[in-house]
Structures are given as C-alpha cells and as structure tokens.
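*Asks:* Need a 3D model of the following:
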Amino acid sequence: MKLLEMPAWSRSSAELSHDEAAQLAELDLVDVLATTREGTWQLVSSSRVGVANGPGWELRVSPRLAIPKLFFLLAYALDPDGWRDQSADFMAEPDLLDAIASGFSWHALRAIEQGVLRGYVQIDERLTTIRGRIRFGDQIARNASLPFPVELSYSDYTEDIIENQIIKSATLSLLRLSRLPALARRRLMKLRAVLDGVSALARPREVVIPLMTRLNQRYGPALRLAALILRAASIDAPKGALAATAFVFDMNKVFEDFVTTALRESMVRFGGELRAQWRGRLDLERQLEIIPDLTWWIRGRCAAVADAKYKALAPSGMPNADAYQMLAYCTALTLDRGYLVYAKDAGEQARTYRVQNSTVAVKVRTLDVEAAPDAVLSQVDVLAEEIACAGIASSSDLRAPVAA
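*Replies:* Below you'll find the predicted structure:
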C-alpha cells in the first residue's frame, strides 16, 4: 500500500502512475499537477481535509486544527443540544476520520444492540398471490387480459426502513477504507452483519435525516454522524475500474456551518430571523447574484450581514477580495456595516476597515477555535450581541426594505 500524508495548505511531491493521479484528481481532496519528471506529481492541498484511497494507494490530508477542536465544530453544527454526547470520548483519535468512524460505530452499535428499529413501509409490487389492496388502475393498464400477476399495495413491518438504511450506508462507506482503528472496524463489521437484510441508500450523498420521535430517538447521534459521513463520501469508478473512495471535509464549509448554527442559537434572544445563504441581486438589472453566508432580518428588513471565512491568510492578513465582497453585500442590502468572521488560528485579528467615500465599515471579527468548546461558544455570544445591538440600533434608519 502506497501511503501519502500531508497537512492542509501545503505542497508535496508523490510518485504516482497516470491512472493513480487521474483517480486522485477526480476525488476533489487535492489538486494534482504534472511535473517535468516522469511519474512525479505535485499534490497541492488547501481547505479540504480527509482521506482518499484507491487500489494500492491512500492519501490523508490532515487539518491544521487539532482533531478534538475540529470534531467539536462538526458535532455542534450537527446538533447544538447533543454535541457533547456525539463527541464523547472519540475526540482523542489522532485522525479526523478515525474519530468520526469510532464515534459513529459506537453510537450505531449501542442503538442497534437495544433492538433493530422496525417500522411499516408501503410496498407496491406484482405478485401471483393476493396480499393487501389491489391497484385496479395499474392492473387494468398493465394486465387487462391476464389474471396474474396482480398489482398490489400493502404495508410491511420491516427492518428495511430509512433509519437502518442510513446506518448501513454509512457503515459500508467506512468499510471501504483500508486503515481504521481496529475496534471501530470490528464494530462496523458487526453492524454490517446485523443489518444484512437492510437496503443501502441509492443516493447516499443526498441523505435527509428523518424526524426524530420517541421511537427513533436512540438512533439520533448515530444518524447525525452517518449523515456527516455520507455527505463527505464520494466514490469514483471510471470505465469499470476498481472504485477509488474519498471522504472530504472542506474546512471553509465546516467553519461556516458552525458559525451559522452557533449564531442562530445565540441570536434567538434578540428576536428577528437569521437566514443562511440568502439569495439577492447586486445590480438593478438583477444579473449579478449575491449569496452572503448570513443575514439577520427585522420586520422584513435586513439589519446585518456576515460571512464566515476559514482560510490560510497571507502575512498581510485579510484578502482584499473578502473586503470587496462584503462592500458589495452592504451596498446591495443598504447597510453601513458588514462582518467578516475568521477563525483566529488563520492569523487574523479583530479590526475595522472604513471604506473611503462611503458610510460602510467592514468589521473583521475572529473566533479562537483552538479554545475550549464553552469558551468558543462564549465568543460567539459576544459576537452575536455586537451584531444584534448594532442592527437593532440602526434598523429604524434603514433606507429601504430589501425583498426577502
């Protein structure tokens, strides 16, 4: 097995065949660049971290952020109320995917050992015996002159329900990896055996967690981690070759999801409505779309706008493009201030930039994601109060409402 390891935001040379380089390039974990030396490729990592592997090779890109801190960001975005239970003792794993695999396998096995969840599923099929209700419309349309097979609908009390399908699909995805903690792999093998009669999801990356009720509540932590696994997983099998697999987590998206969830939780006390990924237009011709990460609305008017950024910053600090983008948001939304929220470990410091010949101020704020979880959430509370108080104070002066 050819093992390749590198940190995020770095470059590394690797000896790869053309097929291996092509597989790796398609999995969206690193950029793969050709060099002048035959068989040597330049791997360039950025904000994406995780694992990619294929026949005879594996690449792991590690985050700069310590795994316990990163796992907290992921777990909190999944469930603000239950993140402590989801993270539990698994944050000590040295690798992100190992931590997630250990946490998922523990929660899933714990839930299933209490009894595999069963439920009623509506089934439509053709049978040569009568069961349930005959679908007369389909019967006449397809078999008008034949008594059999009969088009039937019936309910079946089965283990093959969406909750178990999600658990099984995540289990199978993880088992494709060549390196996992031994205990996690044993748990996953047991899960696969117990759920042998359950179907896998046809489109696992489009997974939607079902509504939690008293019946499936014990599946909650495992389902949330399963969704995280399935959305991060990709499989590529070009021209019938053995599949290459990747689990990719974009730190920009991880940080954005955390900031969105944490600010939404914190700003409830101020009223209004926090919207993620609101879509608007920059120009009067409505050709240039803007999609700020976060907007806060009071009485149908936008009172604040913010973007979350997790990136490798140059020594000079915040990229000019981020300020230009925020200026465009503020102009379109008729706001005199906008917030750029950075992870402090990226090297940025809190500051304010006042735009020349404009009333707009671009406020840079930072969150120290290397701090203890409760301390990070306290920082979010301070940021939420600043955003809300400034928005409430100026809401009566907003020049015009912006259509939601």
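*Asks:* can you pull the contacts of residue 290?
*Replies:* 279, 280, 281, 282, 328, 329, 332 (Cβ atoms under 8 Å, 6 or more residues apart in numbering). Where C-beta positions appear, they are placed from N, C-alpha and C, glycine not excepted.
*Asks:* Tell me what it is bridged to.
*Replies:* Counting by DSSP bridges, residue 290 forms beta bridges with residue 280.
*Asks:* Check what pLDDT it gets.
*Replies:* With respect to pLDDT, residue 290 scores 94.
*Asks:* Where does the nearest residue to residue 175 once chain neighbours are set aside sit, in terms of helix or strand?
*Replies:* Leaving out its chain neighbours, the residue that sits closest to residue 175 by Cβ to Cβ, 6 or more residues apart in numbering is residue 188, at 5.4 Å. For residue 188, the host element (DSSP states H and E) is helix 182-194.
*Asks:* So what touches that helix?
*Replies:* Contacts with helix 182-194, where a contact means Cβ under 8 Å, 6+ apart, come from 98, 101-102, 105-106, 108-109, 112, 116, 167-168, 171-172, 174-175, 180.
*Asks:* switch to 7 Å and redo it
*Replies:* Residues from elsewhere that reach helix 182-194 (Cβ atoms under 7 Å, 6 or more residues apart in numbering): 101-102, 105-106, 108-109, 112, 116, 167, 171-172, 174-175.
*Asks:* Please identify the buried residues of that helix?
*Replies:* 184, 185, 187, 188, 190, 191, 192, 194 (16 or more other Cβ atoms under 10 Å).
*Asks:* need those residues in a markdown table with pLDDT and distance to residue 61, can you?
*Replies:* Formatted as a markdown table, those follow (pLDDT from 0 to 100; distance: Cβ to Cβ, whole Å):
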| residue | pLDDT | distance to residue 61 |
| --- | --- | --- |
| 184 | 92 | 20 |
| 185 | 95 | 21 |
| 187 | 95 | 25 |
| 188 | 96 | 23 |
| 190 | 96 | 30 |
| 191 | 96 | 27 |
| 192 | 96 | 27 |
| 194 | 95 | 33 |
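*Asks:* Pick the one among those closest to residue 38.
*Replies:* Using Cβ to Cβ, residue 185 comes nearest to residue 38 of the buried residues of helix 182-194, at 37.2 Å.
*Asks:* do you know how far that closest one is from residue 177?
*Replies:* As judged by Cβ to Cβ, to the nearest Å, residue 185 and residue 177 stand 9 Å apart.
*Asks:* returning to what we had before: could I get the buried residues of helix 182-194 as CSV with distance to residue 289?
*Replies:* Output for those, formatted as CSV (distance: Cβ to Cβ, whole Å):
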residue, distance to residue 289
184, 43
185, 45
187, 45
188, 42
190, 48
191, 43
192, 44
194, 47
